[in-house]
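Visitor: Coordinates for the following, if possible.
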Amino acid sequence: MVIEMKISWIKYEKDKKSFRLPQALGFDVFLLDDLEKTDETVKSLVRNDYDTIILSNEVAGFSEDIIRKYKNDKNVRIVISFSRE
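Guide: Here you go, the predicted model:
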């Protein structure tokens, strides 16, 4: 049995530090030009069968709804990547 995960990363386009390695390796890193689009972007990724969505801390700060909505969802994992600063 093969388990396939569809993972994405979301960061603010002006953030030059977060998720550089996944981006350099060609993984699905989505850049937000407007942090107010956070919820809309997450919902779109869930509709497109992404089961793991990793948010930069800056992006996650723009939505409490994300954590509350997907906290108990067994099909979607939302991960917040905290800054090393």
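Visitor: Beyond the longest helix along the chain, next helix or strand please.
Guide: If you go by DSSP state H, the chain has its longest helix at helix 38-47. Once the chain leaves helix 38-47, the next helix or strand it forms, by DSSP states H and E, is strand 52-56.
Visitor: Report the mean per-residue pLDDT for that next one.
Guide: Averaged across strand 52-56, pLDDT comes to 96.
Visitor: Return the list of helices and strands in contact with that strand.
Guide: With contacts taken as 3 or more CB pairs under 8 Å, 6 or more residues apart in numbering; DSSP states H and E, strand 52-56 sits against strand 7-12, helix 38-47, strand 77-81. All C-beta atoms are positioned from the backbone trio N, CA, C, and that covers glycine.
Visitor: Need the residues that contact it.
Guide: Outside strand 52-56, the residues within contact range by CB atoms under 8 Å, 6 or more residues apart in numbering are 5-12, 15, 18-19, 38, 42, 45-46, 66, 76-81, 83.
Visitor: hmm, back to that, with residue 27 as the reference, name the closest of the helices and strands packed on strand 52-56.
Guide: Evaluated over these, closeness to residue 27 peaks at strand 7-12, with 6.8 Å, by CB to CB.
Visitor: Enumerate the positions of the closest one that are buried.
Guide: 8, 9, 10, 11, 12 (16 or more other CB atoms under 10 Å).
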